[in-house]
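Visitor: Model the structure of this input:
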Amino acid sequence: MASLQAFLLALFITAVALNQNFVEAKLSNSMYINWGAQHSAFSDNGEDLQLVLDQTSGSAVKSK
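Guide: Predicted structure coming up:
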């Protein structure tokens with residue numbers, strides 16, 4: 001009986017961990033561009049962040 005409970009608990013934890021619908025966080029809601037805004041952009045409805053870094057410039061983000 002204990003092994004069945006352990007198995008069901010492990011199955012539940014795995015299902016929660018693999019289900020991406022539980023977390024609907026967007027980078028654009030939790031981060032802001034600190035400096036170098038011309039070298040960074042949020043895309044895919046705020047789910048992706050692109051930072052362009054080269055030899056002479058950069059950009060930075062910070063959590064809100």
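
Visitor: contacting residues around the closest residue to residue 37 other than its chain neighbours?
Guide: Spatially, and ignoring its direct neighbours in sequence, residue 37 is nearest to residue 59 (7.1 Å; Cβ to Cβ, 6 or more residues apart in numbering). Where C-beta positions appear, they are placed from N, C-alpha and C, glycine not excepted. The contact partners of residue 59, by Cβ atoms under 8 Å, 6 or more residues apart in numbering, come to 33, 34, 35, 36, 37, 38, 39, 40, 51, 52, 53.

Visitor: Quick check: the residue lying closest to residue 47 once chain neighbours are set aside vs residue 64, distance?
Guide: Using Cβ to Cβ, 6+ apart and skipping the chain neighbours, the partner closest in space to residue 47 is residue 26 (5.6 Å). Distance, residue 26 to residue 64, by Cβ to Cβ, to the nearest Å: 12 Å.

Visitor: who's more crowded, those two?
Guide: Here residue 26 and residue 64 are compared on neighbour count by other Cβ atoms under 10 Å; more neighbours surround residue 26, at 14 against 6.

Visitor: which residues touch the more buried one?
Guide: Counting by Cβ under 8 Å, 6+ apart, residue 26 touches 45, 46, 47.

Visitor: what about the first one, which SS state?
Guide: Classification of residue 45 by DSSP: H, G, I helix; E, B strand; the rest coil places it in coil.

Visitor: give the contact list for it.
Guide: Listed by Cβ under 8 Å, 6+ apart, the contact set of residue 45 reads residue 26.

Visitor: What does it show for phi and psi?
Guide: With angles defined as degrees, to the nearest 10, residue 45 sits at phi 60, psi 40.

Visitor: and of the contacts of residue 26, the nearest to residue 1?
Guide: Nearest to residue 1 among those is residue 47, at 43.0 Å by Cβ to Cβ.

Visitor: Dump the contacts of residue 59 into a markdown table; add pLDDT, distance to residue 8 and secondary structure as well.
Guide: Shown next, in a markdown table, are those (pLDDT from 0 to 100; distance: Cβ to Cβ, whole Å; DSSP: H, G, I helix; E, B strand; the rest coil):
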| residue | pLDDT | distance to residue 8 | secondary structure |
| --- | --- | --- | --- |
| 33 | 80 | 45 | strand |
| 34 | 80 | 45 | strand |
| 35 | 80 | 50 | strand |
| 36 | 80 | 49 | coil |
| 37 | 80 | 49 | helix |
| 38 | 82 | 52 | helix |
| 39 | 80 | 49 | helix |
| 40 | 83 | 45 | strand |
| 51 | 81 | 43 | strand |
| 52 | 80 | 47 | coil |
| 53 | 79 | 47 | coil |
